[in-house]
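1. What follows is a predicted structure for the sequence shown.
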Amino acid sequence: MTDVEPDVLELQVGNVANGGFCVARHEGRVVFVRHALPGERVRARVTESARNFLRADAVEILEASPDRVEPPCPFAGPGRCGGCDWQHASLPAQRALKAAVVEEQLQRLAGITRTVTVEEVPYPVDGDTVPPPGLGWRTRVQFAVSSGAVGLRRHRSHDIEPIDECLIAHPGVELMGIERKRWPGASGVEGIVSATTGDRLVVLRGRDRRKIRVPRLDVPVRLVRGKPEPGAALPYVREEVAGRLYQVSGSGFWQVHPGAARLLADAVLDALEPKPGDIALDLYCGVGLFAGVLADRVGRDGLVVGVESDGQAVRDARFNLRDLPNVSIERGPVEEVVADLEFGRADGTSRSQNKRTGTHHRGERVRRADVVVLDPPRAGAGREVVDHITRLAGRKIAYVSCDPATLARDLSYFSDRGWTLETLRAFDAFPMTQHVELLATLIKG
């Protein structure tokens, strides 16, 4: 290697790795390379040096993969916006890369060999112009602000890449004009739009949110400024799935791809096959999406118990499902509430001594659940929650995950307790990024 900067390496790129990297080697050390594709030969600038590995950005492509394309976004590339990992790969190649990561994580962490296909998430067509494939899907975007200017964080950095448009943002977010305004006093601005109702919301972040100067936006929005008093109502957006409206307050969790919530709801029902009269658990239930669709299937003689720790999400869930007498929403850490359910203490006497009340008083029936769905945060469920679920669950478990590594880890815990992976589906709910949504269905033995 000659005539190359000391911190630039010429590398032969190998397989994809979890995290939006490809793997190469240099003088015995692993190099995790961004902006490259498997099989390419690149020049890569070192961005981080650790004892056993390096991180690097491919700054020159010497031999390109046939899957390489020109990134559609002018802010993508080495050292620039860190929001997208695979803009330089075709959409079919992106899905193949994600499938390879899921397969590797399952094999390495759970000892499961499985061929994975990442399915496209259809973009709902409602008469409006549909964005180009892979773009315009993100209905919730958190922008960073520096000295009033809006941008997005660079990869593994607090530095901000100023932008005037985000191509993966939903057109309804872009209509607000957030990136094209100045926000003195803010450290962050989140733009939220409902793809089904058109509701719009802006959430402000800053050390003193009362001093943030809010510009005149291009369309009317609801505004969340400052932290509300406990129990206070927040502005919200409404989302519609299967004919039911779901209120989502503030920055509450909802799937960001316009087609993901309905697709996942249908997929969970197909996986669990709930029957009339069943008892179902919806763990990490958020604002009640899965509880709502399960309630219709188990009917009046069945019961759905949702469990959620976030107070605002619990209030939303109880409001969203207030017309369903066969649904109870319990508030508290999942590991504590499922322990109480397992031992018949869902009637208000919690071993954790947390004050928790449901909208119904039928939780004492749940010493065994026919079906269970869980949708934990990226950290996964963990060993303790898995222990309780496997003692409660009778027939099937559906595990929704956005992280292949923590899903694989938890699948190994389920396997140790006699539960087998029946099916695994993967959905490209986050095009242009490394992220993938997964649905694992487990059965006993």
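-> Noted; the coordinates are in hand.
2. going forward, measure contacts and count neighbours with C-alpha atoms only.
-> Noted.
3. For residue 270, grab phi and psi.
-> Per-residue torsions, residue 270: phi -60, psi -40 (degrees, to the nearest 10).
4. mind checking how far it is from residue 251?
-> 29 Å (CA to CA, to the nearest Å).
5. With neighbour numbers in mind, choose between these two.
-> For residue 270 versus residue 251, the count of surrounding residues by other CA atoms under 10 Å is larger for residue 251: 21 against 12.
6. what's the helix or strand for residue 271?
-> Take DSSP states H and E as the rule and residue 271 turns out to sit in helix 260-272.
7. so what secondary structure elements neighbour that helix?
-> Helix 260-272 sits against helix 289-298, strand 369-374, strand 393-401, strand 437-444, with contacts defined as 3 or more CA pairs under 8 Å, 6 or more residues apart in numbering; DSSP states H and E.
8. Go through the helix or strand following that helix and flag the buried ones.
-> Proceeding C-terminally, helix 260-272 gives way to strand 279-283 as the next helix or strand, assigned by DSSP H and E. Buried residues in strand 279-283, defined by neighbour count with 16 or more other CA atoms under 10 Å: 279, 280, 281, 282, 283.
9. Other residues contacting strand 279-283?
-> 290-291, 294, 298, 302-308, 334, 366, 368-376 (CA atoms under 8 Å, 6 or more residues apart in numbering).
10. on that earlier part again, send the alpha carbons of the helix holding residue 271 over as CSV?
-> What follows is helix 260-272, C-alpha atoms only, in CSV (Å, rounded to 0.1, in the frame of the first residue of the first chain):
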residue,chain,number,x,y,z
ALA,A,260,-46.1,-1.6,10.2
ALA,A,261,-48.7,-1.4,12.9
ARG,A,262,-51.4,-3.1,10.8
LEU,A,263,-49.0,-5.6,9.4
LEU,A,264,-47.7,-6.6,12.8
ALA,A,265,-51.2,-6.8,14.3
ASP,A,266,-52.3,-9.2,11.6
ALA,A,267,-49.1,-11.2,11.9
VAL,A,268,-49.5,-11.6,15.7
LEU,A,269,-53.0,-12.8,15.2
ASP,A,270,-51.9,-15.3,12.5
ALA,A,271,-49.1,-16.5,14.8
LEU,A,272,-51.1,-16.9,18.0
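11. ok now it, how far from the chain's centre?
-> 15 Å (CA atoms, centre = their mean, to the nearest Å).
12. angle of it against strand 437-444?
-> Angle of helix 260-272 versus strand 437-444, following axes from the mean of the first three to the mean of the last three CA atoms, to 10 degrees, is 10 degrees.
13. is it true that residue 210 lies in a strand?
-> No: per DSSP: H, G, I helix; E, B strand; the rest coil, residue 210 lies outside any strand segment and is helix.
14. State the distance from it to residue 204.
-> Remark: distance between residue 210 and residue 204 (CA to CA) = 10 Å.
15. higher neighbour count, these two?
-> residue 204 (24 against 14).
16. residue contacts, the more buried one?
-> 186, 188, 189, 190, 223, 224, 225, 226.
17. tell me the SS of it?
-> strand.
18. Report the beta-bridge partners for it.
-> Bridge pairing for residue 204 (DSSP bridges) gives the partners residue 189.
19. Can you tell me how far it is from residue 285?
-> From residue 204 to residue 285 the distance is 25 Å (CA to CA).
20. swap in residue 120?
-> Separation of residue 120 from residue 285 (CA to CA): 24 Å.
21. and those two? which has more neighbours close in?
-> residue 285 (29 against 17).
22. Surely the more buried one and residue 291 touch.
-> Yes: under the criterion of CA atoms under 8 Å, residue 285 makes contact with residue 291 at 7.1 Å.
23. got any residues that touch both of those two?
-> Shared contacts of residue 285 and residue 291 (CA under 8 Å, 6+ apart): residue 306.
24. what's the first-to-last distance across stretch 11-27?
-> Note: stretch 11-27 ends 11 Å apart using CA to CA.
25. who's in contact with residue 433?
-> By CA under 8 Å, 6+ apart, residue 433 lies in contact with 20, 83, 84, 85, 86, 87.
26. which SS class is it?
-> Going by three-state DSSP: residue 433 is coil.
27. Listing request: residues of the stretch 151-300 of the chain with sub-threshold pLDDT.
-> For the stretch 151-300 of the chain, the stretches with pLDDT under 70 are 226-231.
28. Which secondary structure state does the closest residue to residue 111 other than its chain neighbours sit in?
-> Nearest non-adjacent residue to residue 111, counting by CA to CA, 6 or more residues apart in numbering: residue 412, 7.7 Å away. Assigned state for residue 412: helix (three-state reduction, three-state DSSP).
29. Relative to residue 379, how far out is residue 412?
-> Residue 412 is 15 Å from residue 379, by CA to CA.
30. Show me which of those two is the more surrounded one.
-> The residue with more neighbours, out of residue 412 and residue 379, is residue 412; 20 against 12, by other CA under 10 Å.
31. Am I right that the more buried one is in contact with residue 105?
-> No: counting by CA under 8 Å, residue 412 does not reach residue 105; the two are 11.2 Å apart.
32. neighbours of residue 99, just the number please.
-> Neighbourhood size, residue 99 [other CA under 10 Å]: 21.
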